[in-house]
Every structure is written in C-alpha cells, then in structure tokens.
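Asks: show me the folded form of this:
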Amino acid sequence: MKARIEVSPEMVALVGDGPAALDDWTETAIGFSYVFSPATCAFHPDADTAGDLAAADIMFIVQRDACTRIFGMLPDAAATWHMPSQMRGIALAVRDCRLTGLAATTLRVAKSIELLCATFEQLGDGSLIPADGTGALTASEAGRIAAARDLIDKRWNEKLTLETISRACGINRAQLTRGFRSMFAMSVADAIADRRLGGARQLLLATDLPVSAIGYKCGYLNNASFTRAFSRRFGQAPTQLRNARLAA
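Replies: Numbering: from 1, shown residues only. As a prediction, this is how the structure comes out:
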C-alpha cells in the first residue's frame, strides 16, 4: 500500500509501491501522477481517468478549487507528458526520502508542494512535452514532433511539406509521420489543413478581402479546392459564411 501523506487540508500525496486507496478522491478533487519508468507525469480530472494507481510512483489528490485559486488554471483535459529532469529530481526526493519519522514527513510535504508548483509552472509556460499514447517516443523525439506542431501553428500560411517540416525539426519523415499521428491523433496534412481553414474562417469574418484572395493567402492554389475543403470542414461554403456575416 502506498504511504499516505497529508500535505494540507486540500492535498494528499500517495507515495511508493502498491495499490492506493481512493478515499480522498472526492467529486471535487483532481489528480496528478508521476511515474519514473518511463518518466512521465499526468493530469487526471477525476478518479475514472486515473487508471491503475498502483503503477504511479507518486499520486497527488488535490482539491480543484485550491489549484484554480493558487495557480489560476487547470489543464483542459486528461493528459500525459514527459517528465523534465528538474521535476524528476524533485519527485525522486519525495519517493526516495531517507529520513524517518517526522523529519521524513516534513521533507515529503515540502517536496510535494515544490513538485506541484513545478508542474504548474511548466504547464503555464507550455514547456511540458506531450507523451504519445504508446510510450514509443523518447522525450527528445516527442520534443521534435511538438516543435513540428508549433511550426505548423506559426507558419501555416507558408508552403509546408513533410520534407520541409522534418528538416526544420531535425527528424526524418517516417518518424514525423508516425509520431505526429501518435501524439496528436491526426496526420501532419490534417493539422496543416485544420490550421489553414481556421485562419481562413477568421479572415472571412474579420476582413473584407475577396474570398478567392483569402483562399490563396491560406495556401490554396485555386478557389474550387478552397471551397471544397472549407465546406467539408465547416458545413458551409466560404461565400455563405461571408454572406451570413454581412446579413447579421
């Protein structure tokens, strides 16, 4: 059974090997788990998303309101990330504490608070790298694929190909293709199209640029292909969206 450490009235840490009791996981609580092999951390919006708690080396059960009050944010949904080395060091201090008695409890309480703060710091600045669902990607590979997604988000209106993206991010095309789908549940082409069509929709609503000019600006070489893609994505043609805006 994992050791139970009451960090505060709003937070409990479960540390070590073995199963964990869920008595502290009320409807108003959320969880963060930390695993060393592979080195990952995860957010669990409720007990149903926590999975096998015995597999976690450390589990925090925290009141949702406490997190929003102190950190001003929460992740949008359940997620798993590669655990950075800084956070691994803090987590190891929690798990492998060599002190005994009250001294051990005091250290673990302090380090648990530090680890939770470090987690939210990384969440806030967007530096946590998503882990793919299979665990097949190393942190380095996942970082390159995350960089590919960031490149698409920033340069979506440029001519992007698998070759240019993989070269820019230091990963080969096959790894990029497999890893991108594993991490983001979509292909690279789908991500580019989604970002371009989202940008086109914003331009249709916010500017008076001709529809054909918007399509070209968003990477479509002719109006017909732009209209087909836009209609599939949003259920209406670009001109229909523009006309609805003008009629409002």
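Asks: only C-alpha atoms for contact and neighbour calcs from this point on.
Replies: Fine.
Asks: now this structure, which segments are flagged as low pLDDT?
Replies: Scanning the chain for pLDDT under 70 picks out 132-135, 248.
Asks: how far does stretch 6-20 stretch from start to finish?
Replies: For stretch 6-20, the separation between the terminal residues is 14 Å (CA to CA, to the nearest Å).
Asks: for it, which outside residues touch it?
Replies: 1-5, 24, 53-63, 66, 94-95, 109, 112-113 (CA atoms under 8 Å, 6 or more residues apart in numbering).
Asks: list only buried entries from these.
Replies: Burial by neighbour count, 16 or more other CA atoms under 10 Å: within the contacts of stretch 6-20 this picks out 2-5, 53-63, 94-95, 109, 112-113.
Asks: correct me if wrong: T239 contacts P210.
Replies: No: using CA atoms under 8 Å, T239 makes no contact with P210, being 9.5 Å away.
Asks: now list whatever residues contact both of the two.
Replies: By CA under 8 Å, 6+ apart, no residue touches both T239 and P210.
Asks: hey, where'd the helices end up in this structure?
Replies: 64-71, 85-95, 101-125, 139-155, 162-169, 173-184, 188-206, 211-217, 223-234, 238-247 (DSSP state H).
Asks: what residues does the third one touch?
Replies: What that stands for is helix 101-125. 5-7, 13, 71, 75, 87, 90-91, 93-94, 97-98, 128.
Asks: check the first one too.
Replies: The contact list for helix 64-71, computed with CA under 8 Å, 6+ apart, reads E10, T28, A29, I30, M73, L74, F120.
Asks: mind checking how far the last one is from R232?
Replies: In this structure, F120 and R232 are 38 Å apart, going by CA to CA.
Asks: with just CA atoms, put the longest strand along the chain into PDB.
Replies: For the chain, the strand with the greatest residue count under DSSP state E is strand 29-36. Only the C-alpha atoms of strand 29-36 are listed here, as PDB (Å, rounded to 0.1, in the frame of the first residue of the first chain):
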ATOM      1  CA  ALA A  29     -10.700  16.600  -6.400                       C
ATOM      2  CA  ILE A  30      -8.300  16.100  -9.300                       C
ATOM      3  CA  GLY A  31      -5.100  14.100  -9.500                       C
ATOM      4  CA  PHE A  32      -1.500  14.400 -10.800                       C
ATOM      5  CA  SER A  33       0.500  11.200 -11.100                       C
ATOM      6  CA  TYR A  34       4.300  10.800 -11.600                       C
ATOM      7  CA  VAL A  35       6.000   7.600 -13.000                       C
ATOM      8  CA  PHE A  36       9.700   7.100 -13.300                       C
END
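Asks: count the residues that sit near S231.
Replies: Residues near S231, counting by other CA atoms under 10 Å, number 16.
Asks: how about it, what does it touch?
Replies: A237, P238.
Asks: can you rerun that using 7 Å?
Replies: Going by CA atoms under 7 Å, 6 or more residues apart in numbering, S231 touches A237.
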